[in-house]
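> No sequence on hand, only this structure:
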Ligand SMILES: Cc1cc2nc3c(=O)[nH]c(=O)nc-3n(C[C@H](O)[C@H](O)[C@H](O)COP(=O)(O)OP(=O)(O)OC[C@H]3O[C@@H](n4cnc5c(N)ncnc54)[C@H](O)[C@@H]3O)c2cc1C
Ligand SMILES: O=C([O-])CC(=O)C(=O)O
């Protein structure tokens, strides 16, 4: 029987997760990932990879909980398998601290991570400029290992990858039965979505193997995430800034802010500096539309716009995209517009 041809555009964490979900769940499909860039050159490769989302306004909390829990449970299972080191996924504990007590002290994800609690007064003494804090045990997923691991998993499920910049979805629809758009910031030009914009982020990679506990300031302008090969220091969030080159003043600012939290970082050796453009959007786009291609109607599923939390929501949103693909194969398209 002829297989259903599915194309996924994008090989960041969202595209690779979506491709693997489809290839493994729907064996009657052949999945092809088309992307201009693969790991280690995507935005996802720059991410620290901590699982710690922020509430997205306008999206029902149960839906956000599903995306986060789907991701957490999937990655947790990896940490319990022999694959954990190759996949770059591990448990990570730390603090999120606030200058003022927030109006919501228990976020929607508090019961999904492990051991969520409010920090004690004794713990807060370490941070005299902060009034409130949360102690969290969550997961960290490092894309530089995780994406190549997903690529292998996709190949094992019969999928394939090709380097190609897609500019015309109509043209693509001649060769595929289903199109899944996971092009992140690329959606701005690919589907003309002006609601997607770059949020530039710069990080430092430093040698500080003695540091084991993460610290994040709630505004995201200072964070310290211990990882497998280095500690990630961040961050910046520069809206509508397309610069991909490293800004030395940003690096200086990051080091200053982080070493206020952990003074010993001041002398840590800097191993690298990286910049990524987050796919900013007021809420992420996860929906299906039908593309009219001559007399055919081709399902087009969108899964992009994850902003600062693409790793945290990757597998859960991929599962919802899979569901949209599955339903598209069973539903009749609306009447063709001839
Ligand atoms: C400094 C920094 C730190 C971060 N830290 C975290 C963190 O700790 N936790 C967390 O959850 N998130 C974090 N993020 C956010 C996370 O990196 C993003 O949300 C995530 O990478 C988005 O994934 P994506 O797959 O949608 O996009 P990308 O990784 O940008 O992938 C997009 C893909 O689409 C391809 N593409 C685009 N247009 C086209 C086209 N026309 N044709 C073909 N291919 C195309 C690209 O080549 C690429 O393969 C961080 C981001 C930054 C910048
Ligand atoms: O804010 C953080 O802790 C890390 C992150 O997601 C980002 O920089 O986008």
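Here it is on my side, so go on. The model shown is predicted, which means the values in this text are computed figures rather than measured ones. Ligands and ions are numbered 1, 2, ... in the order given.
> tell me the SS of the nearest residue to residue 334 once chain neighbours are set aside?
Leaving aside its sequence neighbours, residue 334 sits nearest to residue 290 (Cβ to Cβ, 6 or more residues apart in numbering; 6.3 Å). To be clear about C-beta, it is placed using only N, CA and C from the backbone, and glycine gets the same treatment. What DSSP: H, G, I helix; E, B strand; the rest coil gives for residue 290 is strand.
> average pLDDT for stretch 150-159?
Throughout stretch 150-159, pLDDT has a mean value of 98.
> what does that stretch rub up against?
11, 16-17, 19-20, 23-24, 27, 30-33, 38-39, 160-161 (Cβ atoms under 8 Å, 6 or more residues apart in numbering).
> So what sits opposite the closest residue to residue 212 other than its chain neighbours in the bridge?
Excluding the flanking residues, the one nearest residue 212 by Cβ to Cβ, 6+ apart is residue 226, at 5.4 Å. Beta-bridge pairing of residue 226 under DSSP bridges involves residue 231.
> my read: residue 226 touches residue 213, true?
Yes - with contact defined as Cβ atoms under 8 Å, residue 226 counts as touching residue 213 (7.1 Å).
> Those two - which one has more neighbours?
Using other Cβ atoms under 10 Å as the criterion, residue 226 and residue 213 rank with residue 226 on top: 21 against 13.
> separation between the more buried one and residue 206?
10 Å (Cβ to Cβ, to the nearest Å).
> Residue 92 now?
To residue 206, residue 92 is 16 Å away according to Cβ to Cβ.
> ditto for residue 291
As judged by Cβ to Cβ, residue 291 and residue 206 stand 46 Å apart.
> before we move on, what about residue 10?
30 Å.
> same check, this time on residue 230
Residue 230 is 6 Å from residue 206, by Cβ to Cβ.
> shared neighbours of these two, anything?
residue 271.
> Tell me who's in contact with the one residue in the stretch 1-150 of the chain that gets nearest to ligand 2.
Closest residue of the stretch 1-150 of the chain to ligand 2, Cβ to the nearest ligand atom: residue 48 (5.0 Å). By Cβ under 8 Å, 6+ apart, the contact list for residue 48 reads 140, 203, 223, 225, 227, 232, 234, 235.
> Could you rerun that using 6 Å?
Contact partners of residue 48, counting by Cβ atoms under 6 Å, 6 or more residues apart in numbering, are 225, 232.
> Compare neighbour counts for residue 10 and residue 206 and give me the winner.
Each of residue 10 and residue 206 has its neighbours counted (other Cβ under 10 Å); residue 10 has more, 31 against 21.
> any idea of the pLDDT on the nearest residue to that one once chain neighbours are set aside?
In space, and not counting its chain neighbours, residue 10 is closest to residue 182: 3.7 Å by Cβ to Cβ, 6+ apart. For residue 182, the pLDDT comes out at 98.
> next one: residue 226
98.
> and residue 77, how many residues sit next to it?
The tally of other residues near residue 77 (other Cβ under 10 Å) stands at 12.
> now residue 28
Residue 28: 9 surrounding residues under other Cβ under 10 Å.
> before we move on, what about residue 163?
11.
> From residue 32, how far out is it?
Using Cβ to Cβ, residue 163 is found at 12 Å from residue 32.
> give me the low-pLDDT residue ranges for the stretch 201-338 of the chain?
Residue ranges of the stretch 201-338 of the chain with pLDDT under 70: 335-338.
> Which residues of it lie near ligand 2?
Where the stretch 201-338 of the chain comes near ligand 2, counting by Cβ under 6 Å from any ligand atom, the residues are 201, 216, 220, 223, 234, 235, 278, 308, 309.
> tell me the contacts of residue 324?
288, 301.
> three-state assignment of residue 71?
Residue 71 ends up helix, using three-state DSSP.
> For the residue nearest to residue 10, give me phi and psi.
Backbone torsions of residue 182, given as degrees, to the nearest 10, read phi -120, psi 50.
> Identify the residues contacting it.
Contacts for residue 182 were tallied using Cβ under 6 Å, 6+ apart; they are 8, 10, 14, 15, 18, 303, 304.
> Can you tell me the element residue 162 falls in?
strand 160-163 (DSSP states H and E).
> Could you check the helix or strand that that strand is followed by and say which residues are buried?
Using DSSP H and E, the helix or strand that follows strand 160-163 in sequence is helix 169-172. Using 16 or more other Cβ atoms under 10 Å as the test for burial, helix 169-172 gives 169, 172.
> All set, thanks.
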